[in-house]
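Undergrad: Okay, here's the prediction I keep looking at, along with the sequence it came from:
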Amino acid sequence: MTAPCTHTVTAECWIDFFAGDLEEESGQRLEQLMFECAQCAVDAERWGAIVGTATLAIPPVISSETFRTLQGRGEPMTENVMQPGDDRRASFPEGGRLLIHRLQGVALEGVDRVNLTLSTPSGSPLVRFEDVPFDRECGEVIVACQRHFGESFPREIVFEIERCVADQAEVVAAYTVDHVDWSGP
Amino acid sequence: MQDSDNAELASRVQAGGALAAAAEAELCRRFWQRARLYGLRHLRGVTEAEDLAQQVMEVTLSALRSGRVDDLALLDRYVLGVCRNVAHSLRRSGDRTRKAVQRLTLEPTPDAVQPPEPPWGAHSVERLTLCLSALPAREQRIVQLSFYEWKSTGEIAELLGVASGNIRVIRHRALRKLRTCMDLNGDPR
(Lines give C-alpha, C1' and ligand atoms only; values in the text may rest on other atoms or scores of the structure.)
Protein backbone atom coordinates (compact mmCIF):
# COMPACT_ATOMS: atom_id res chain seq x y z
CA MET A 1 0.00 0.00 0.00
CA THR A 2 1.23 3.48 -0.81
CA ALA A 3 1.43 5.99 2.05
CA PRO A 4 -0.30 9.33 1.43
CA CYS A 5 2.09 11.94 0.08
CA THR A 6 2.88 14.79 2.45
CA HIS A 7 5.58 16.46 0.37
CA THR A 8 3.35 19.08 -1.32
CA VAL A 9 5.61 19.85 -4.25
CA THR A 10 3.89 22.57 -6.26
CA ALA A 11 3.44 22.61 -10.03
CA GLU A 12 5.72 25.65 -10.15
CA CYS A 13 8.45 23.66 -8.41
CA TRP A 14 8.24 20.84 -10.95
CA ILE A 15 8.31 23.31 -13.84
CA ASP A 16 11.37 25.05 -12.36
CA PHE A 17 12.92 21.62 -11.84
CA PHE A 18 12.72 20.78 -15.55
CA ALA A 19 13.66 24.30 -16.64
CA GLY A 20 16.87 24.09 -14.59
CA ASP A 21 15.83 26.94 -12.30
CA LEU A 22 16.30 25.20 -8.95
CA GLU A 23 19.36 25.34 -6.73
CA GLU A 24 21.38 22.11 -6.84
CA GLU A 25 20.21 21.03 -3.37
CA SER A 26 16.52 21.59 -4.13
CA GLY A 27 16.88 19.83 -7.47
CA GLN A 28 18.43 16.79 -5.82
CA ARG A 29 15.66 16.71 -3.23
CA LEU A 30 13.04 16.60 -5.98
CA GLU A 31 14.97 13.91 -7.82
CA GLN A 32 14.92 11.83 -4.67
CA LEU A 33 11.16 12.34 -4.26
CA MET A 34 10.62 11.44 -7.91
CA PHE A 35 12.16 8.02 -7.21
CA GLU A 36 11.04 7.38 -3.64
CA CYS A 37 7.51 8.82 -3.47
CA ALA A 38 4.92 7.30 -5.80
CA GLN A 39 2.61 10.33 -5.77
CA CYS A 40 5.51 12.73 -6.41
CA ALA A 41 6.55 10.51 -9.31
CA VAL A 42 3.06 10.78 -10.82
CA ASP A 43 3.20 14.61 -10.57
CA ALA A 44 6.72 14.72 -12.01
CA GLU A 45 5.71 12.45 -14.87
CA ARG A 46 2.79 14.69 -15.83
CA TRP A 47 4.85 17.89 -15.91
CA GLY A 48 7.77 16.02 -17.45
CA ALA A 49 5.47 14.74 -20.19
CA ILE A 50 4.55 18.33 -21.13
CA VAL A 51 8.21 19.36 -21.17
CA GLY A 52 9.29 16.24 -23.06
CA THR A 53 6.60 16.75 -25.67
CA ALA A 54 7.44 20.46 -25.94
CA THR A 55 11.01 19.54 -26.87
CA LEU A 56 9.61 17.73 -29.92
CA ALA A 57 6.86 20.17 -30.90
CA ILE A 58 8.19 22.47 -33.57
CA PRO A 59 6.41 25.83 -33.55
CA PRO A 60 4.72 26.87 -36.82
CA VAL A 61 6.81 30.04 -37.16
CA ILE A 62 10.46 29.66 -36.20
CA SER A 63 13.52 31.82 -35.72
CA SER A 64 16.65 31.47 -37.85
CA GLU A 65 18.30 29.94 -34.79
CA THR A 66 15.61 27.26 -34.43
CA PHE A 67 15.93 26.58 -38.15
CA ARG A 68 19.65 25.98 -37.73
CA THR A 69 18.93 23.73 -34.71
CA LEU A 70 16.58 21.65 -36.86
CA GLN A 71 19.19 21.37 -39.57
CA GLY A 72 21.75 20.37 -36.94
CA ARG A 73 19.45 17.62 -35.70
CA GLY A 74 19.35 16.16 -39.20
CA GLU A 75 15.57 16.58 -39.37
CA PRO A 76 14.50 15.73 -42.93
CA MET A 77 12.93 18.82 -44.50
CA THR A 78 12.23 20.49 -47.81
CA GLU A 79 13.15 24.17 -48.13
CA ASN A 80 10.90 26.42 -50.17
CA VAL A 81 12.49 29.86 -50.65
CA MET A 82 9.95 32.48 -51.77
CA GLN A 83 9.86 36.11 -52.78
CA PRO A 84 6.83 38.41 -52.41
CA GLY A 85 4.11 37.61 -54.95
CA ASP A 86 5.36 34.06 -55.62
CA ASP A 87 2.72 31.38 -56.18
CA ARG A 88 4.23 27.93 -55.91
CA ARG A 89 3.56 24.22 -55.42
CA ALA A 90 5.60 22.61 -52.65
CA SER A 91 5.86 19.14 -51.16
CA PHE A 92 7.16 17.47 -48.01
CA PRO A 93 10.29 15.31 -48.19
CA GLU A 94 9.80 11.58 -48.57
CA GLY A 95 9.11 10.28 -45.04
CA GLY A 96 9.77 13.71 -43.48
CA ARG A 97 7.35 15.91 -41.56
CA LEU A 98 8.73 19.38 -42.34
CA LEU A 99 8.28 21.75 -45.25
CA ILE A 100 10.09 25.01 -44.54
CA HIS A 101 8.75 28.12 -46.25
CA ARG A 102 11.39 30.85 -46.18
CA LEU A 103 9.41 33.99 -46.85
CA GLN A 104 12.01 36.49 -47.98
CA GLY A 105 12.38 39.85 -49.67
CA VAL A 106 10.75 42.00 -47.01
CA ALA A 107 12.29 45.15 -45.50
CA LEU A 108 12.14 44.49 -41.78
CA GLU A 109 14.78 46.88 -40.45
CA GLY A 110 13.34 49.19 -37.85
CA VAL A 111 10.11 47.27 -37.28
CA ASP A 112 8.82 46.66 -33.75
CA ARG A 113 7.18 43.34 -34.51
CA VAL A 114 5.90 41.18 -37.32
CA ASN A 115 2.58 39.36 -37.69
CA LEU A 116 1.76 36.53 -40.07
CA THR A 117 -1.72 35.82 -41.38
CA LEU A 118 -2.78 32.67 -43.21
CA SER A 119 -5.82 32.77 -45.48
CA THR A 120 -7.29 30.99 -48.48
CA PRO A 121 -6.74 32.41 -52.00
CA SER A 122 -10.34 33.68 -51.88
CA GLY A 123 -9.50 35.71 -48.78
CA SER A 124 -11.05 33.65 -45.97
CA PRO A 125 -8.84 34.00 -42.91
CA LEU A 126 -7.43 30.78 -41.44
CA VAL A 127 -5.17 31.79 -38.58
CA ARG A 128 -3.15 34.78 -37.45
CA PHE A 129 0.17 34.63 -35.60
CA GLU A 130 1.16 37.81 -33.81
CA ASP A 131 4.65 38.93 -32.88
CA VAL A 132 6.39 36.09 -34.73
CA PRO A 133 10.15 35.57 -34.82
CA PHE A 134 11.81 37.15 -37.87
CA ASP A 135 15.24 37.89 -39.26
CA ARG A 136 15.64 41.65 -39.33
CA GLU A 137 18.84 41.67 -41.40
CA CYS A 138 17.76 39.10 -44.01
CA GLY A 139 14.16 40.32 -44.16
CA GLU A 140 12.84 36.82 -43.65
CA VAL A 141 10.06 34.98 -41.81
CA ILE A 142 10.37 31.19 -41.60
CA VAL A 143 7.30 28.95 -41.50
CA ALA A 144 7.80 25.36 -40.37
CA CYS A 145 4.90 23.69 -42.14
CA GLN A 146 4.22 20.25 -40.68
CA ARG A 147 2.61 17.29 -42.33
CA HIS A 148 -0.14 16.99 -39.72
CA PHE A 149 -1.26 20.60 -40.32
CA GLY A 150 -2.89 19.18 -43.45
CA GLU A 151 -5.65 17.81 -41.20
CA SER A 152 -6.65 21.37 -40.29
CA PHE A 153 -5.71 23.49 -43.32
CA PRO A 154 -6.60 23.53 -47.01
CA ARG A 155 -3.98 22.81 -49.67
CA GLU A 156 -3.65 26.36 -50.91
CA ILE A 157 -2.62 28.95 -48.39
CA VAL A 158 -1.74 32.63 -48.72
CA PHE A 159 0.85 33.82 -46.20
CA GLU A 160 0.77 37.56 -45.55
CA ILE A 161 3.51 39.34 -43.66
CA GLU A 162 2.49 42.39 -41.69
CA ARG A 163 5.12 44.77 -40.36
CA CYS A 164 4.30 46.84 -37.31
CA VAL A 165 5.96 50.08 -36.28
CA ALA A 166 4.49 51.59 -33.12
CA ASP A 167 0.71 51.28 -33.61
CA GLN A 168 0.86 51.19 -37.39
CA ALA A 169 0.48 47.80 -39.10
CA GLU A 170 0.95 47.28 -42.82
CA VAL A 171 0.78 44.15 -45.00
CA VAL A 172 4.01 44.21 -46.98
CA ALA A 173 4.15 40.86 -48.76
CA ALA A 174 2.03 37.87 -49.74
CA TYR A 175 3.11 34.40 -50.85
CA THR A 176 0.87 31.59 -52.07
CA VAL A 177 1.69 27.92 -51.58
CA ASP A 178 -0.12 24.85 -52.87
CA HIS A 179 0.77 22.03 -50.45
CA VAL A 180 0.54 19.14 -52.87
CA ASP A 181 0.72 16.42 -50.19
CA TRP A 182 -2.41 17.63 -48.41
CA SER A 183 -5.90 16.61 -49.31
CA GLY A 184 -7.51 19.26 -47.09
CA PRO A 185 -9.54 18.93 -43.87
CA MET B 1 2.12 -7.51 -10.04
CA GLN B 2 0.90 -3.92 -9.83
CA ASP B 3 0.10 -4.35 -6.12
CA SER B 4 3.55 -5.65 -5.26
CA ASP B 5 6.08 -3.29 -3.76
CA ASN B 6 9.48 -2.72 -5.34
CA ALA B 7 11.25 -5.13 -3.00
CA GLU B 8 8.83 -7.97 -3.82
CA LEU B 9 9.27 -7.40 -7.54
CA ALA B 10 13.05 -7.21 -7.18
CA SER B 11 13.17 -10.48 -5.26
CA ARG B 12 11.11 -12.18 -7.99
CA VAL B 13 13.61 -10.97 -10.57
CA GLN B 14 16.46 -12.25 -8.43
CA ALA B 15 14.78 -15.62 -8.00
CA GLY B 16 14.26 -16.03 -11.74
CA GLY B 17 11.65 -18.50 -12.96
CA ALA B 18 8.17 -18.01 -14.33
CA LEU B 19 7.30 -14.78 -12.51
CA ALA B 20 10.57 -13.00 -13.22
CA ALA B 21 9.65 -11.64 -16.66
CA ALA B 22 6.40 -10.11 -15.40
CA ALA B 23 8.24 -8.59 -12.42
CA GLU B 24 10.85 -7.08 -14.76
CA ALA B 25 8.13 -5.60 -16.94
CA GLU B 26 6.44 -4.04 -13.91
CA LEU B 27 9.74 -2.57 -12.65
CA CYS B 28 10.33 -1.08 -16.10
CA ARG B 29 6.83 0.40 -16.06
CA ARG B 30 7.59 2.03 -12.70
CA PHE B 31 11.12 3.28 -13.27
CA TRP B 32 11.63 3.83 -17.02
CA GLN B 33 9.68 7.10 -17.06
CA ARG B 34 11.39 8.40 -13.91
CA ALA B 35 14.81 7.63 -15.38
CA ARG B 36 13.77 9.37 -18.59
CA LEU B 37 12.76 12.48 -16.63
CA TYR B 38 16.10 12.41 -14.84
CA GLY B 39 17.76 12.29 -18.25
CA LEU B 40 15.58 15.08 -19.61
CA ARG B 41 16.65 17.35 -16.77
CA HIS B 42 20.33 16.55 -16.98
CA LEU B 43 20.95 15.78 -20.65
CA ARG B 44 18.34 18.17 -22.13
CA GLY B 45 17.13 16.16 -25.05
CA VAL B 46 14.46 13.50 -25.51
CA THR B 47 16.67 11.09 -27.44
CA GLU B 48 19.43 11.38 -24.87
CA ALA B 49 16.91 10.98 -22.02
CA GLU B 50 15.43 7.86 -23.59
CA ASP B 51 18.90 6.42 -24.13
CA LEU B 52 19.66 7.02 -20.49
CA ALA B 53 16.39 5.42 -19.35
CA GLN B 54 17.04 2.38 -21.50
CA GLN B 55 20.54 1.97 -20.16
CA VAL B 56 19.46 2.49 -16.55
CA MET B 57 16.84 -0.25 -16.83
CA GLU B 58 19.30 -2.60 -18.47
CA VAL B 59 21.89 -2.04 -15.76
CA THR B 60 19.30 -2.34 -12.96
CA LEU B 61 17.75 -5.56 -14.23
CA SER B 62 21.16 -7.02 -14.92
CA ALA B 63 22.27 -6.23 -11.36
CA LEU B 64 19.09 -7.75 -9.91
CA ARG B 65 19.43 -10.94 -11.93
CA SER B 66 22.97 -11.49 -10.79
CA GLY B 67 22.22 -10.63 -7.15
CA ARG B 68 24.32 -7.46 -7.11
CA VAL B 69 21.71 -5.29 -5.35
CA ASP B 70 22.27 -5.54 -1.59
CA ASP B 71 19.12 -3.99 -0.14
CA LEU B 72 16.04 -4.65 -2.24
CA ALA B 73 13.92 -2.41 0.00
CA LEU B 74 15.99 0.53 -1.26
CA LEU B 75 15.66 -0.29 -4.94
CA ASP B 76 14.37 3.23 -5.74
CA ARG B 77 17.58 4.73 -4.36
CA TYR B 78 19.59 2.18 -6.27
CA VAL B 79 17.92 3.17 -9.56
CA LEU B 80 18.52 6.86 -8.83
CA GLY B 81 22.18 6.04 -8.21
CA VAL B 82 22.34 4.21 -11.55
CA CYS B 83 20.79 7.27 -13.22
CA ARG B 84 23.54 9.45 -11.77
CA ASN B 85 26.28 7.05 -12.86
CA VAL B 86 24.95 6.62 -16.39
CA ALA B 87 24.38 10.38 -16.83
CA HIS B 88 27.88 11.03 -15.55
CA SER B 89 29.36 8.47 -17.94
CA LEU B 90 27.41 9.92 -20.85
CA ARG B 91 28.49 13.45 -20.07
CA ARG B 92 32.11 12.53 -19.41
CA SER B 93 32.54 10.52 -22.55
CA GLY B 94 30.59 13.04 -24.61
CA ASP B 95 29.46 9.99 -26.53
CA ARG B 96 25.75 9.55 -25.98
CA THR B 97 25.68 6.07 -27.34
CA ARG B 98 25.56 2.68 -25.83
CA LYS B 99 29.25 2.73 -24.90
CA ALA B 100 28.48 3.64 -21.29
CA VAL B 101 26.22 0.70 -20.72
CA GLN B 102 28.74 -1.64 -22.27
CA ARG B 103 31.08 -0.73 -19.42
CA LEU B 104 28.37 -1.02 -16.77
CA THR B 105 26.53 -4.17 -17.69
CA LEU B 106 27.73 -7.62 -18.55
CA GLU B 107 24.57 -9.05 -20.01
CA PRO B 108 22.74 -8.59 -23.31
CA THR B 109 19.71 -6.30 -23.58
CA PRO B 110 16.80 -7.82 -21.65
CA ASP B 111 13.60 -8.28 -23.58
CA ALA B 112 11.61 -6.73 -20.74
CA VAL B 113 12.95 -3.20 -21.32
CA GLN B 114 10.09 -1.68 -23.24
CA PRO B 115 9.41 2.05 -22.95
CA PRO B 116 5.83 2.96 -22.04
CA GLU B 117 3.56 4.78 -24.50
CA PRO B 118 3.55 8.60 -24.43
CA PRO B 119 1.04 9.85 -21.81
CA TRP B 120 -1.40 11.39 -24.29
CA GLY B 121 -1.13 8.63 -26.88
CA ALA B 122 0.63 8.44 -30.20
CA HIS B 123 -0.31 11.96 -31.38
CA SER B 124 0.96 13.85 -28.32
CA VAL B 125 3.38 15.99 -30.32
CA GLU B 126 0.76 17.03 -32.86
CA ARG B 127 -1.68 17.91 -30.07
CA LEU B 128 0.88 19.91 -28.19
CA THR B 129 1.80 21.82 -31.36
CA LEU B 130 -1.83 22.87 -31.66
CA CYS B 131 -2.05 23.72 -27.95
CA LEU B 132 1.14 25.79 -28.28
CA SER B 133 -0.33 27.70 -31.23
CA ALA B 134 -3.22 28.78 -29.01
CA LEU B 135 -0.93 30.45 -26.45
CA PRO B 136 -0.17 34.18 -26.62
CA ALA B 137 2.97 34.92 -28.65
CA ARG B 138 5.18 35.69 -25.66
CA GLU B 139 4.21 32.49 -23.84
CA GLN B 140 4.85 30.42 -26.99
CA ARG B 141 8.25 32.00 -27.39
CA ILE B 142 9.25 31.37 -23.78
CA VAL B 143 8.18 27.72 -23.92
CA GLN B 144 10.07 27.33 -27.18
CA LEU B 145 13.22 29.00 -25.84
CA SER B 146 13.04 27.04 -22.56
CA PHE B 147 12.42 23.54 -23.81
CA TYR B 148 13.08 23.50 -27.53
CA GLU B 149 16.28 25.51 -27.52
CA TRP B 150 17.04 24.74 -23.83
CA LYS B 151 18.09 28.29 -23.02
CA SER B 152 18.50 29.27 -19.38
CA THR B 153 16.11 31.71 -17.72
CA GLY B 154 18.88 34.32 -17.68
CA GLU B 155 19.51 33.93 -21.40
CA ILE B 156 15.80 34.21 -22.19
CA ALA B 157 15.47 37.27 -19.97
CA GLU B 158 18.31 38.97 -21.81
CA LEU B 159 17.00 37.97 -25.22
CA LEU B 160 13.48 39.24 -24.58
CA GLY B 161 14.37 42.16 -22.33
CA VAL B 162 12.21 40.84 -19.50
CA ALA B 163 13.18 40.23 -15.85
CA SER B 164 14.10 36.63 -14.99
CA GLY B 165 11.34 36.48 -12.37
CA ASN B 166 8.78 37.39 -15.01
CA ILE B 167 10.10 34.74 -17.39
CA ARG B 168 9.49 32.13 -14.70
CA VAL B 169 5.96 33.41 -14.02
CA ILE B 170 5.10 33.43 -17.73
CA ARG B 171 6.55 29.92 -18.14
CA HIS B 172 4.50 28.62 -15.18
CA ARG B 173 1.33 30.10 -16.68
CA ALA B 174 2.09 28.76 -20.15
CA LEU B 175 2.76 25.21 -18.97
CA ARG B 176 -0.40 25.17 -16.87
CA LYS B 177 -2.37 26.18 -19.96
CA LEU B 178 -0.63 23.53 -22.07
CA ARG B 179 -1.44 20.85 -19.54
CA THR B 180 -5.09 21.90 -19.41
CA CYS B 181 -5.22 21.90 -23.20
CA MET B 182 -3.59 18.44 -23.43
CA ASP B 183 -5.92 17.03 -20.76
CA LEU B 184 -9.04 18.31 -22.49
CA ASN B 185 -9.51 15.17 -24.56
CA GLY B 186 -8.92 12.80 -21.67
CA ASP B 187 -6.72 12.56 -18.65
CA PRO B 188 -3.23 11.26 -19.30
CA ARG B 189 -2.43 7.90 -17.87
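TA: Right, received. Where do you want to start?

Undergrad: Which per-residue confidence value corresponds to A:Arg46?
TA: The model reports A:Arg46 with a pLDDT of 88.

Undergrad: neighbours of it, just the number please.
TA: 18 (other Cβ atoms under 10 Å in any protein chain shown). Using the backbone N, CA and C atoms, a C-beta is placed for each residue, glycine as well.

Undergrad: Pretty sure it sits against B:Arg179.
TA: Yes - between A:Arg46 and B:Arg179 there is a contact at 7.0 Å, judged by Cβ atoms under 8 Å.

Undergrad: for chain B, what's the longest helix?
TA: Scanning chain B for the longest helix, with DSSP state H as the assignment, gives helix B:20-43.

Undergrad: Name the next helix or strand following that helix along the chain.
TA: helix B:46-65 (DSSP states H and E).

Undergrad: how far is that next one from where the chain is centred?
TA: 10 Å (Cα atoms, centre = their mean, to the nearest Å).

Undergrad: Mind listing what's buried along it?
TA: Neighbour-count burial for helix B:46-65 flags B:46, B:48-65 (criterion: 16 or more other Cβ atoms under 10 Å in any protein chain shown).

Undergrad: Over to stretch A:38-57?
TA: Buried-residue list, stretch A:38-57, by 16+ other Cβ under 10 Å: A:40-41, A:43-57.

Undergrad: which of the buried residues of helix B:46-65 come close to chain A?
TA: Residues shared between these and the neighbourhood of chain A are B:46, B:49 [Cβ under 8 Å from any Cβ of the partner chain].

Undergrad: Contacts only, for the residue nearest the centre of chain A.
TA: Chain A has A:Pro59 as the residue nearest its centroid, 0.7 Å off, counting by Cα atoms, centre = their mean. By Cβ atoms under 8 Å, 6 or more residues apart in numbering or on different chains, A:Pro59 lies in contact with A:66, A:144, B:129, B:132-133, B:140, B:144, B:148.

Undergrad: A strand includes it, no?
TA: No - in this structure, A:Pro59 is coil, not part of a strand, as judged by DSSP: H, G, I helix; E, B strand; the rest coil.

Undergrad: Which pLDDT value does the model give it?
TA: Reported pLDDT for A:Pro59: 82.

Undergrad: Against B:Ala174, how distant is it?
TA: 12 Å (Cβ to Cβ, to the nearest Å).

Undergrad: what's the overlap in contacts for the two?
TA: What both A:Pro59 and B:Ala174 touch, as defined by Cβ under 8 Å, 6+ apart, is the set B:Gln140.

Undergrad: For A:Leu126, give me its contacts.
TA: So, once contact is read as Cβ under 8 Å, 6+ apart, A:Leu126 ends up touching A:118-120, A:153-154, A:157.

Undergrad: For PyMOL, what selects the buried ones among those residues?
TA: To isolate the buried members of the contacts of A:Leu126 in PyMOL, using 16+ other Cβ under 10 Å:
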select buried, chain A and resi 118+119+153+154+157
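
Undergrad: got the contacts of A:Leu126 as a markdown table, with distance to chain B, pLDDT and secondary structure columns?
TA: Listed next are these as a markdown table, based on distance: Cβ to the nearest Cβ, whole Å; pLDDT from 0 to 100; DSSP: H, G, I helix; E, B strand; the rest coil:
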| residue | distance to chain B | pLDDT | secondary structure |
| --- | --- | --- | --- |
| A:Leu118 | 11 | 95 | strand |
| A:Ser119 | 16 | 95 | strand |
| A:Thr120 | 18 | 95 | coil |
| A:Phe153 | 12 | 87 | coil |
| A:Pro154 | 17 | 91 | coil |
| A:Ile157 | 15 | 96 | strand |
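
Undergrad: and which of the contacts of A:Leu126 is nearest B:Ser4?
TA: Distances from B:Ser4 to the contacts of A:Leu126, taken as Cβ to Cβ, are shortest for A:Phe153 (49.1 Å).

Undergrad: which one's the longest helix in chain A?
TA: Ranked by number of residues, the top helix in chain A under DSSP H is helix A:38-54.

Undergrad: so what does it touch, helix or strand wise?
TA: helix A:11-19, helix A:24-36, helix B:20-43, helix B:124-133, helix B:164-183 (3 or more Cβ pairs under 8 Å, 6 or more residues apart in numbering or on different chains; DSSP states H and E).

Undergrad: residue farthest from the centroid of chain B?
TA: Per Cα atoms, centre = their mean, the most distant residue from the centre of chain B is B:Gly161 (32.3 Å).

Undergrad: Tell me where the model's unsure across chain B.
TA: Chain B contains residues with pLDDT under 70 at B:1-2, B:93-118, B:122, B:185-189.

Undergrad: who touches the residue positioned nearest the centre of chain B in this structure?
TA: For chain B, the residue nearest the mean C-alpha position is B:Arg36 (1.5 Å; Cα atoms, centre = their mean). B:Arg36 makes contact with A:48, A:52, B:49-50, B:52-53, B:115, according to Cβ under 8 Å, 6+ apart.

Undergrad: What is the neighbour count of the nearest residue to A:Pro84 once chain neighbours are set aside?
TA: Spatial nearest neighbour of A:Pro84, chain neighbours left out: A:Ala173 (3.7 Å); criterion: Cβ to Cβ, 6 or more residues apart in numbering or on different chains. A:Ala173 has 21 neighbouring residues, counting by other Cβ under 10 Å.

Undergrad: Just to be sure, A:Ala173 is in a helix?
TA: No - counting by three-state DSSP, A:Ala173 is not part of a helix but strand.

Undergrad: What separation is there between it and B:Ala157?
TA: For A:Ala173 relative to B:Ala157 (Cβ to Cβ), the value is 32 Å.

Undergrad: same thing with B:Ser11?
TA: 50 Å.

Undergrad: and what of A:Glu140?
TA: Shown here: A:Glu140 relative to B:Ala157, a distance of 26 Å by Cβ to Cβ.
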